[in-house]
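>>> any chance you can model this:
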Amino acid sequence: MTLETLRARARVLMWLVTLPFAVLVLAVAVLAVALLWNGLGRDAGMMVIFYVPMFIYIWAMWMVRQALKSIAGGALFGQVVPRLLFRVGAALFVGALFNVLGVPLLTRLIYDRGAYLAFDGAAITLGVVGATLVLLSQLLAQAASMRDELDEFF
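A predicted model of the protein is given here:
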């Protein structure tokens, strides 16, 4: 695959990631308008707590879009991907952790409802994938550093 093909595919993927990103941002805007329309009552705070993981996942999608944009613009793949994997992995891990621990704990402490933690298989899987991406990003960064060091010899 040539460098130009990689950039063209990154450009297409960037726009494909933009579509679900825009849909989620629109959904957040609709939720915010609905909260304001119905008045900021007791349940408004609980809704905000429940949607915090979604904000973290939206941020992860934005990071993917920005990385693809950088690659499409000519940034070096080896410099962009480790940083992308770290950011997305951290976002997935933190979002999943907040989903399993933060949401139920805050709901219990503030509103005296629910359990202290929740078992959510999907969130736990996202957390494991996120932690794995963080470790993988470190391996890729180290490999890129070693490749640069070897390139200096030649």
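>>> show me the contacts for the residue sitting nearest the centre point of the chain.
Geometric centre of the chain, nearest residue: Ala60, 2.1 Å, by C-alpha atoms, centre = their mean. For Ala60, the contacting residues are Arg87, Val88, Ala91, Leu92, Gly95, by C-beta atoms under 8 Å, 6 or more residues apart in numbering. All C-beta atoms are positioned from the backbone trio N, CA, C, and that covers glycine.
>>> now do the SS call for the first one.
Here Arg87 is recorded as helix under DSSP: H, G, I helix; E, B strand; the rest coil.
>>> if we can go back for a sec, could the contacts of Ala60 go into TSV alongside distance to Val128?
Converted to TSV, the contacts of Ala60 look like this (distance: C-beta to C-beta, whole Å):
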residue	distance to Val128
Arg87	17
Val88	14
Ala91	14
Leu92	9
Gly95	13
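>>> can you pick out the most distant pair from the residues you listed?
Farthest pair in the contacts of Ala60 (C-beta to C-beta) is Arg87 and Gly95. Separation: 12.1 Å.
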